[in-house]
Every structure is written in C-alpha cells, then in structure tokens.
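Peer 1: A predicted structure for the sequence below; I have some questions about it.
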Amino acid sequence: MMQMETRLHYTETHLHEREDSFMQLLDGLPLSVLITNHGQIQYANPAGLRLIHADSLEAVIGMSTDDLVDAADHEILAERKQRHYNNRPIGSVRYRIRCLNGQLRHVEGFSLKITYQKKRCVIGIFKDISDQKLEEDRLMQSEKLSTAGQLAAGIAHEIRNPLTAIFGFLKLLRTSSHYNDQYFAIMESELKRIEFIVNELLVLSKPQVSHASKPMDILPLLDQVITLMNGQAALKNIEIVSAFSEPSIWIAGEANQLKQVFINLLKNAMEAMPEGGIIRIHALARNNEASISVQDEGCGMTAEQIQALGKPFFTTKESGTGLGFMITHNIIHNHGGNISVQSALQEGTTFTVTLPVISEPEAASS
C-alpha cells in the first residue's frame, strides 16, 4: 500500500512538473496563446495579453471568445466550435479580433484540443498579420488597377459595338414615320449592356474593401467575367467558350475577389495565345466541391515554371510582376479552396480552381 502511495505521489509530482514546464514554454513564446473552455478564456500568455491590449491575465479570464472575435467572423467561430464539439480537427483560421482598446486586428493561427487544469480545453496559437493584410490589400489593389488599365482597349471595343447599334436604330427612328417598339427594346438592352460593362470596370478599379463571404451562385459570376473579357478576347482573335454541367453551383464567397481571380486566369490564358484560339471554361460540382477550369491553347509551361508559380516577381511574360497568380492563389486559399495547374509545352495550360460547395439558400430557391 505504501509503495502504491509513493508511486502515485511520484506520478502526480511528475505531471505537475511537466505542466509547469509546458506553461513556462507558453509564457516564453513570442506568438499569442489563448486557452479556452466552452468559449471562455482560461489562460493567455504575455504575448496574447499584449495582442489584445489587456493589462493583466485577470482582465481576460472568463471572457467569451464572442466578445473577442469581431462580429463579422462569428459564423467562422461558431463553425469551429461545432467542429470541437463533434470531435473533428479544428485546424487553421484567420480572424478579425476586437482588442480591449477597441482596435481591430487581423490574426492567423490554429487550434488544438488539450487538457488544461484537468479540463478538456482548446489552445489557440496566433500571430498578428494586420501589417501583412495591409500589404496583401495594397498588392491586390495594385494588381486590380493594372488589370483595369490592360482591359481598357477591350472595354472600348465592347462598348463601341452596342453604341454602333444604338446610333443605327436612332437613325432608323429619325427617318421612320411610325413608332417601332422593337427598336426601343433593342436600344434599351444595348444600353444596359454598356452600363454593366462600365460598372464592372468601376468595381475592378475601386480600392478593395473587406467583406464577409456570402452565399452565391458561381455561374452568373463566371458569365459576368466572360462578358467583361469578351472585348479583349475579340481583339486578340480569341473565343471564350463556357460549359457548365449544373444549372447553379452555390459557394460561400466574396464576389469581387472571385471576379479578380477569374479575370486574372483569363488574362493569363489570352497572353499565352498570341496567335488566337479558344479558351474553354468548365464548371461542375462533385464530391462537395465546385471545380472551375480555364483551359487555353497557348505555349504551355515546363514543370520548373509550374513549380515557381506564385512566387513574387516570377513570371513567364516579358513584362510582368508575377503578383497576379500570387494574389489569385491567396484569394482561393482564403476561400478554403485550392488551385492546380496542368500544362504541356506547345499544347496549352489548364488552371483548375476548387471551392467548397454549400447548399442553395432557401430564399434563393423559393
């Protein structure tokens, strides 16, 4: 009996020593650490207290993560809590947090399940990426302005066609002795087309504003991008052909960022086809994923070039920064998706974007 008590005492002492070493490690980490139980903070290391501008650990003990994470990201927080309760991996995340001084910061990190003070808890390790986020937004805005400028000739071509039709029908009306309703309907349709193209160009050139993801059908967005790019395609003797296997494919996303992705992919495809040809866009839903591919008939890439894609300032073009694909990759990653590349020299390249599919919202289907 005495031997058993001694062994238990030794084990308990050993466990306390290990826990003390673990806490010393957390206290010394330069990254921010929060331990929570049922959504309430149980511990924060010094770096975590500095991040959220807390004067002491006592100021945050018992604080709800709902009060710390910005309301715009509560849906993400709720989903992660559900994963924890369902014993699924919690994984990595990006949050906007509201510090105790009211400041909004962007953080990135990951969470794991642990035992803390004999309770099942979650430990989150985060780093402040606010400066990185500002730089990403600046790069994205720079790329958007560059894209808008490069599209100018195609936009002018795309607007000139409906304007020619409108002027033609106005001349017919001026020389006609009777009212023709069909002429007005065609002119109205062409004017709406011009309005759409101009609005899309304005959206493209506006500074990027951060929006929460919303349920959206990806297919109309692809149609809008194709309409916007058709003018530039026509100037280069390129035809954009689309094939969608479903009537609708619903995802959670930010429309303007995803438009930037597919504009970038179409731009790249056009630049790879100086002799013209066909660009094919396919979209389908399978295994709870939306798969959208952009296939060109261009010069293709080597395995080494594919490997280097996404690195800043690597480009296969005579003039380019390589930032377009890096931004494209970041947007897709932030949407929980992936982008893959298949290419063969002198045969062409296919970029395939995969995004998580969601159920069609009831309001949209009713």
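Peer 2: Great, that's in hand.

Peer 1: Is residue 272 in contact with residue 298, as I believe?
Peer 2: Yes - Residue 272 sits in contact with residue 298 when judged by C-beta atoms under 8 Å, with a separation of 2.8 Å. Where C-beta positions appear, they are placed from N, C-alpha and C, glycine not excepted.

Peer 1: quick one: strands adjacent to the longest strand seen in the chain?
Peer 2: In terms of residue count, the longest strand belonging to the chain (DSSP state E) is strand 104-116. When pairs are called by DSSP bridges, strand 104-116 turns out to pair with strand 91-98 (antiparallel), strand 119-128 (antiparallel).

Peer 1: List the buried residues of the last one.
Peer 2: Going by neighbour count (16 or more other C-beta atoms under 10 Å), the buried part of strand 119-128 is 121-126, 128.

Peer 1: residues in contact with that strand?
Peer 2: Defining contact as C-beta atoms under 8 Å, 6 or more residues apart in numbering, one finds that strand 119-128 is touched by 29, 31-37, 42, 48, 51, 84, 90, 95, 105-116.

Peer 1: Residue 173 contacts residue 183, doesn't it?
Peer 2: Yes - applying C-beta under 8 Å, one finds residue 173 in contact with residue 183, separated by 5.8 Å.

Peer 1: quick revisit: what's next to the longest strand of the chain, contact-wise?
Peer 2: Strand 104-116 has contacts (C-beta under 8 Å, 6+ apart) with 31-32, 35, 37, 42-43, 51, 70, 80, 84, 90-99, 120-130, 132-133.

Peer 1: coming back round to it: I'd like to know which of the contacts of strand 119-128 are buried.
Peer 2: Judged by neighbour count, with 16+ other C-beta under 10 Å as the criterion, the buried members of those are 32-36, 42, 48, 51, 84, 90, 95, 105-107, 109, 111, 116.

Peer 1: Over to residue 129: give its phi and psi.
Peer 2: Dihedral pair for residue 129: phi -110, psi 20, per degrees, to the nearest 10.

Peer 1: and it, how far is that from residue 338?
Peer 2: Computed with C-beta to C-beta, to the nearest Å, the distance linking residue 129 and residue 338 is 21 Å.

Peer 1: Among the two, which residue is more densely surrounded?
Peer 2: The residue with the greater number of neighbours, taking residue 129 and residue 338 and applying other C-beta atoms under 10 Å, is residue 129; the counts read 17 against 13.
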